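Visitor: Kindly return the folded structure for what I paste below:
(one chain, ligands or ions: 1)
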Amino acid sequence: MSTFRLLVIALVFTVGLSTASADTVLITGANSGIGLEFAKQYAAAGWEVIATHRRRLAPDSLTKLARQYDNVSVETIDVTDPESIAATAAKLAGTPIDVLVNNAGIVGTFEDPRQKFGSLDYDLAQQFVAVNSTGPLRVSEAFYENVVASQQKKIVAISSLAGSLAVNSRKGLMPKGMTTRYWYNMSKAALNLTFTALAKDVAADGVSVGIYHPGLVRVERNASYRTTDEMKAVSVDVDVSVAALRQLIQELTPEVSGRFFSYTGTEVPW
Ligand SMILES: NC(=O)c1ccc[n+]([C@@H]2O[C@H](COP(=O)([O-])OP(=O)(O)OC[C@H]3O[C@@H](n4cnc5c(N)ncnc54)[C@H](OP(=O)(O)O)[C@@H]3O)[C@@H](O)[C@H]2O)c1
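Guide: Residues are numbered from 1 along each chain as shown. Now for the predicted structure:
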């Protein structure tokens with residue numbers, strides 16, 4: 001092959017690389033735990049990452065990540081606040097979003113009496129629903145056109161085993177020590193139900209919906225939680241969980257849309 005031909009091939013390859021647009025992911029609650037790990041791993045893989053948080057000022061974890069990677073931008077989304085969502089949606093109008101990761105969530109401790117029968121705090125229930133159940137729907141509606149305009153067209157919910165009626169009601173399926181946190185479990189069950197509905201409603205647009213249990217993931221928030229041996233035995237490091245979830249998201253197709261999978265790849269009973 002002539003030198004000229006080799007040069008042309010090299011040029012076409014270089015231009016092709018520089019003009020090919022990278023896939024884009026938007027992550028809610030990206031400043032800590034699982035969300036931050038998603039942002040780090042997608043950034044390292046060369047994706048355009050829109051890492052969102054709900055703080056007044058950008059958290060250090062995200063400013064540091066944006067300094068490290070040109071392909072990370074930091075935006076504000078409080079998933080309970082329609083104005084905050086609308087402002088960022090307006091800013092990103094026309095930007096295709098291949099994967100929308102609804103990760104933001106509140107959890108609470110196993111010991112908190114406000115989530116235990118006999119001392120339930122009903123105001124707190126509203127907060128759980130707003131963040132964990134309706135929040136992901138609000139965000140999915142607001143950024144829907146961005147997802148439809150993308151190549152991959154995927155909406156993801158980071159749910160939990162705690163939202164499974166089957167796991168909660170059958171003996172032996174929930175690791176010992178993981179007692180019911182009423183509002184957390186209720187809000188994740190509601191998330192699961194609404195996202196199965198969402199999967200049906202968006203199918204005609206070619207959008208796929210993934211609902212995932214990330215495992216019992218070791219993150220900063222739960223580092224001081226009291227854990228049983230059974231819980232320790234099933235715990236997973238955040239990088240391992242997120243790498244596995246990214247693989248499942250990669251494999252998400254219309255055929256498996258609306259189903260509930262653990263990060264291990266096994267299907268979680270509803
Ligand atoms: N870790 C586990 O074992 C586990 C297991 C099953 C499911 N999950 C799910 O995984 C997701 C991430 O949890 P995590 O363990 O990584 O906990 P985390 O470190 O506490 O992360 C939660 C994230 O959600 C954000 N957030 C809370 N309320 C928000 C709001 N109104 N608007 C926007 N962002 C908000 C938090 O922001 P702030 O820092 O500002 O509070 C934080 O960035 C949650 O949905 C959780 O239910 C976790």
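
Visitor: next SSE after the helix or strand hosting V147?
Guide: Per DSSP states H and E: V147 is located in helix 144-148. Toward the C-terminus, helix 144-148 is succeeded by strand 154-158 as the next helix or strand (DSSP H and E).

Visitor: List the buried residues in that next one.
Guide: The neighbour-count check on strand 154-158 (16 or more other Cβ atoms under 10 Å) flags K154, I155, V156, A157, I158 as buried. Quick note: C-beta positions are derived from backbone N, CA and C, even for glycine.

Visitor: re earlier: what comes into contact with the helix holding V147?
Guide: With Cβ atoms under 8 Å, 6 or more residues apart in numbering as the test, helix 144-148 has contacts from 26, 89, 92-98, 100, 140, 153-155, 202, 205-207.

Visitor: what mean pLDDT does that helix have?
Guide: Helix 144-148 carries an average pLDDT of 98.

Visitor: Does the closest residue to A104 other than its chain neighbours belong to a helix, a strand or coil?
Guide: In space, and not counting its chain neighbours, A104 is closest to G29: 3.0 Å by Cβ to Cβ, 6 or more residues apart in numbering. State at G29, reduced to three classes by DSSP: H, G, I helix; E, B strand; the rest coil: coil.

Visitor: Pull the contacting residues for G29.
Guide: Residues near G29 by Cβ under 8 Å, 6+ apart: G35, T52, H53, R54, V79, N103, A104, G105.

Visitor: Let me see the confidence value for it.
Guide: Per-residue confidence at G29 stands at 98 (pLDDT).

Visitor: ok so, going back, could you identify the buried members of the contacts of helix 144-148?
Guide: Applying 16+ other Cβ under 10 Å to the contacts of helix 144-148 flags 26, 89, 92, 95-98, 100, 140, 153-155, 202, 207 as buried.

Visitor: Let me know whether my guess that G118 is in a strand holds.
Guide: No: per three-state DSSP, G118 lies outside any strand segment and is coil.

Visitor: number of nearby residues for it?
Guide: Neighbourhood size, G118 [other Cβ atoms under 10 Å]: 5.

Visitor: what about it, distance to the ligand?
Guide: G118 sits 24 Å away from the ligand, taking Cβ to the nearest ligand atom, to the nearest Å as the criterion.

Visitor: for the ligand, what are the nearby residues on the stretch 1-150 of the chain?
Guide: Residues of the stretch 1-150 of the chain lying near the ligand by Cβ under 6 Å from any ligand atom: 28-29, 31-35, 54-55, 77-80, 103-107, 131.

Visitor: So which of those residues sit within helices?
Guide: Cross-referencing these against helices under DSSP state H gives G33, I34, G35.

Visitor: What about the residues you listed, which one has the most neighbours?
Guide: Neighbour tally across these (other Cβ under 10 Å): the maximum, 27 neighbours, falls on G35.

Visitor: just checking, that one touches V101?
Guide: Yes: assessed by Cβ atoms under 8 Å, G35 is found in contact with V101 at 7.5 Å.

Visitor: can you list residues touching both of the two?
Guide: I27, T28.

Visitor: I'd like the buried ones among the contacts of helix 144-148 laid out as JSON lines, including pLDDT.
Guide: As requested, these are arranged in JSON lines below (pLDDT from 0 to 100):
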{"residue": "L26", "pLDDT": "99"}
{"residue": "A89", "pLDDT": "98"}
{"residue": "L92", "pLDDT": "98"}
{"residue": "T95", "pLDDT": "98"}
{"residue": "P96", "pLDDT": "98"}
{"residue": "I97", "pLDDT": "98"}
{"residue": "D98", "pLDDT": "98"}
{"residue": "L100", "pLDDT": "99"}
{"residue": "S140", "pLDDT": "98"}
{"residue": "K153", "pLDDT": "98"}
{"residue": "K154", "pLDDT": "98"}
{"residue": "I155", "pLDDT": "99"}
{"residue": "V202", "pLDDT": "98"}
{"residue": "V207", "pLDDT": "98"}
